[in-house]
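# Predicted structure and sequence below. I'll ask about it afterward.
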Amino acid sequence: MSDVPALLPVEEARARILERCATLPPEWVPQEDALGRALAEDVLARRTLPPWDNSAMDGYAVRSADLSSPLPVRLVVGETVFAGKLPTRELTPGTCARIMTGAPLPRGADAVVMRERTRSTTPDSVEILEAVAAGNFIRPRGEDAREGDVLLARGTPLGIPELGLLWAQGMTSVPVPRRPRVAVLSTGDELCRADEPPDGRIVDTNAPALALAVKRAGGLPTLLGIARDTREAVQEALARTEGFDVVLTSAGVSVGDHDFVKDALEALGVEQHFWRVAIKPGKPLVVGQRGPTLFFGLPGNPTSSLVTFELFVRPALRRLLGLQDVEPARVAGRLEGRLSKPPGLAHFVRVTATWRAGELWAKPLGTQTSGALRSASAATHLLHFPRESSSLTDGSHVELLPLSWVA
Ligand code: AMP
Ligand code: MG
């Protein structure tokens with residue numbers, strides 16, 4: 001089998017893919033469509049926020065110097081400042097203002113005493129029961145943003161608080177790299193659609209599953225249907241992928257007699273970056289490129305295609321989206337039970353991980369066959385069983401990858 005190349009370690013395969021992924025050009029989108037995407041440009045603050053020192057509590061705005069005499073100190077209440085109103089009076093010695101959370105601090109005030117530390121005896125005076133330092137319960141002007149400063153830098157992933165900061169600036173749209181367009185093709189004579197009578201065939205679950213995974217990773221999937229197991233059919237289907245950033249095929253990448261994906265890619269002039277990764281499930285993965293389009297020939301087994309999506313395609317989509325932190329997430333856990341394998345392939349074992357006694361305990365699912373979706377359906381994490389390792393004892397410290405496909 002001289003034409004079968006050596007197996008590439010997982011990390012190297014991912015690095016080679018990411019080298020090929022340049023951030024896509026920007027587009028302006030409504031902010032609600034930007035969640036999880038990266039900023040394409042620095043955004044400068046147009047507003048200083050909060051625009052004034054304001055109260056962090058319901059209570060009394062005071063001059064802290066007034067509270068040095070023996071407690072309680074009686075102060076005259078000059079006015080009540082509600083959120084949404086501006087104070088009208090400057091505090092003079094011996095006076096204070098009743099103030100609500102978020103209301104601007106009156107001039108002369110340098111601290112707030114919370115209402116619970118006061119006693120109201122008459123409508124226009126209050127007894128302060130504790131001394132406070134200057135700055136107490138004050139949210140300073142400019143704490144969130146200062147006009148002209150870089151509010152959020154290019155490449156910042158937009159989570160919910162970041163979008164909040166932008167809305168607070170009066171912004172409603174934001175520049176982000178456009179979403180990658182991803183074509184999804186299934187190959188195989190044995191496949192039919194879920195809405196067809198099977199007549200001895202099996203349902204193509206890979207394409208709709210991969211399309212959802214693409215969507216969840218921030219891409220725009222297009223289903224190209226099912227290509228039959230001939231070189232011509234696969235080639236013809238792949239020829240329709242002009243204009244896509246990424247093309248995903250599933251099945252037909254192994255060494256079977258009807259495995260035509262590699263040949264079809266070659267015939268289309270796709271430069272093959274690598275074929276076969278030292279990984280289980282998912283060994284027969286092929287990756288190539290033509291012009292700006294990246295091609296992933298994913299394995300056919302349903303679990304293998306999802307695992308390879310998670311380890312290789314999702315990071316690529318995230319990089320196209322301009323995100324820097326694209327490696328699969330990892331958390332520390334402990335193995336419940338034992339595992340063994342021959343060295344040579346890194347195994348990504350489907351586990352259910354639960355938090356117990358301060359640690360995340362990972363229990364391998366009963367079946368690990370890559371053909372059975374059931375073994376993926378209960379998994380919460382993939383346990384990384386390293387390539388050169390051959391056994392993991394009960395309680396071993398392990399690396400767990402949270403899955404993006406869980407409900
Ligand atoms: P292959 O790589 O073509 O040898 O396919 C490997 C296994 O995956 C076979 O058992 C196929 O029937 C199965 N398979 C291939 N494509 C799909 C698909 N789109 N949906 C579900 N199972 C598939
Ligand atoms: Mg096949």
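Arrived safely, thanks for sending. Ligands and ions are numbered 1, 2, ... in the order given.
# For the residue of the stretch 1-150 of the chain found nearest ligand 1, which residues are in contact?
Checking the stretch 1-150 of the chain residue by residue against ligand 1 with Cβ to the nearest ligand atom singles out Val4 as nearest, at 15.1 Å. For every residue, glycine as well, the C-beta is placed using N, CA and C. The contact partners of Val4, taken as Cβ atoms under 8 Å, 6 or more residues apart in numbering, are 255, 276.
# Could you grab the helix/strand/coil label for it?
When the structure is split into helix, strand and coil by DSSP: H, G, I helix; E, B strand; the rest coil, Val4 lands in coil.
# Neighbours of the residue in the stretch 51-200 of the chain that ligand 2 sits nearest to, how many?
For the stretch 51-200 of the chain, the nearest residue to ligand 2 under the criterion Cβ to the ion is Gly188, separated by 4.4 Å. Applying other Cβ atoms under 10 Å, we find 19 other residues in the vicinity of Gly188.
# Please verify my assumption that it contacts Thr249.
No - the pair formed by Gly188 and Thr249 falls short of the contact definition of Cβ atoms under 8 Å, at 10.3 Å.
# Next one: the residue of the stretch 51-200 of the chain closest to ligand 2 relative to Ser250, how far apart?
From Gly188 across to Ser250, the span is 8 Å (Cβ to Cβ, to the nearest Å).
# about what we covered before: what about the residue of the stretch 1-150 of the chain closest to ligand 1, distance to ligand 2?
Summarising the geometry, the distance separating Val4 from ligand 2, computed by Cβ to the ion, to the nearest Å, is 17 Å.
# related to what we said a few turns ago, any shared contact partners between Gly188 and Ser250?
With the criterion set as Cβ under 8 Å, 6+ apart, the overlap between the contacts of Gly188 and Ser250 is Gly300.
# OK, contacts around the residue of the stretch 51-200 of the chain closest to ligand 2?
204, 226, 228-229, 251-252, 300.
# And the pLDDT at it?
Looking at Gly188, its pLDDT is 97.
# before we move on, what about Gly256?
In this model, Gly256 is scored at 89, pLDDT.
# and it, that one's in a helix?
No - if the criterion is three-state DSSP, then Gly256 is coil and not within a helix.
# near ligand 1, anything from stretch 306-322?
No - judged by Cβ under 6 Å from any ligand atom, stretch 306-322 and ligand 1 are separated, with a smallest distance of 10.8 Å.
# Val73 versus Ala353, what's the distance?
Summarising the geometry, the distance separating Ala353 from Val73, computed by Cβ to Cβ, is 57 Å.
# Neighbour count for the two, which is higher?
Each of Ala353 and Val73 had its neighbours counted (other Cβ under 10 Å), and the higher figure belongs to Ala353 (23 against 20).
# Surely that one and His381 touch.
Yes - the pair Ala353 and His381 passes the contact test of Cβ under 8 Å, sitting 4.7 Å apart.
# what sits in contact with each of those two?
Between them, Ala353 and His381 have 333, 362, 400 as joint contacts when contacts are counted by Cβ under 8 Å, 6+ apart.
# any idea how far Val406 is from the closest residue to ligand 1 within the chain?
Residue of the chain nearest ligand 1, by Cβ to the nearest ligand atom: Gly300 (2.5 Å). In this structure, Gly300 and Val406 are 22 Å apart, going by Cβ to Cβ.
# Lys341 too?
25 Å.
# Compare those two (neighbour count), which wins?
Of the pair Lys341 and Val406, Lys341 is the one with more neighbours under other Cβ under 10 Å, namely 16 against 11.
# Who's the closest spatial neighbour of that one, skipping the chain neighbours?
With sequence-adjacent residues excluded and distances taken as Cβ to Cβ, 6 or more residues apart in numbering, Lys341 is closest to His347, at 5.7 Å.
# Among the contacts of Gly188, give me the pair with the biggest separation.
Comparing all pairs in those by Cβ to Cβ, the longest separation belongs to Arg228 and Gly300, at 13.9 Å.
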